[in-house]
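Visitor: sequence unknown, structure follows:
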């Protein structure tokens, strides 16, 4: 019986963008099970609570087979090990992301043997980040193209 291929897509997802959704959807085509893992960081207050982010991601990934959304505390490699994941998948927007992620990928592999796979951001989305989307929305800019519709509605409601 072949081994179930599992991956983890970790992040803060505050809020989840179309770029996040693209990486999750592409990961779902490569693995049997995908865990979208939202880091709980008690030292960092997000615009949306962890429960709200879980709800948003659960809603926007509902049509993707094998995708589950959870939150976690601690090291992502421990979360990967607990879920039996062979890989962690990260989206890269550019060289700055790569320079930041590569040392962590080496450390994670050293600690647990979990591989990190990098997916390049989709054309037209590589400049999109949750932080930038929130900043533009706070300033009254139109961020419709960067968020799934239900997330966009929640963001506008939160900022109103």
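Guide: Perfect, thanks for sending it. These numbers come from a predicted model, not from an experiment.

Visitor: residues touching residue 120, list them.
Guide: 91, 92, 126 (CB atoms under 8 Å, 6 or more residues apart in numbering). To be clear about C-beta, it is placed using only N, CA and C from the backbone, and glycine gets the same treatment.

Visitor: In three-state terms, label the first one for me.
Guide: This means residue 91. What DSSP: H, G, I helix; E, B strand; the rest coil gives for residue 91 is strand.

Visitor: returning to what we had before: which of the contacts of residue 120 tops the neighbour count?
Guide: residue 91 (23 neighbours; other CB atoms under 10 Å).

Visitor: And that residue, how close does it get to residue 128?
Guide: Shown here: residue 91 relative to residue 128, a distance of 10 Å by CB to CB, to the nearest Å.

Visitor: One more: residue 117?
Guide: Computed as CB to CB, the residue 117 to residue 128 distance reads 20 Å.

Visitor: go on, residue 8?
Guide: 21 Å.

Visitor: so what's in contact with residue 91 and residue 128 at the same time?
Guide: 19, 121.

Visitor: list the buried ones in the helix or strand bottoming out on mean pLDDT in the chain?
Guide: Ranked by mean pLDDT, DSSP states H and E, the weakest helix or strand in the chain is helix 95-112, scoring a mean of 89. Residues 97, 101, 105, 108, 112 are the ones in helix 95-112 that count as buried (16 or more other CB atoms under 10 Å).

Visitor: Go ahead and confirm the third one touches residue 116.
Guide: When you say that, I think you mean residue 105. Yes: contact criterion CB atoms under 8 Å: residue 105 and residue 116 qualify, at 3.6 Å.

Visitor: which neighbours do the two share?
Guide: Residues touching both residue 105 and residue 116 by CB under 8 Å, 6+ apart: 88, 90.
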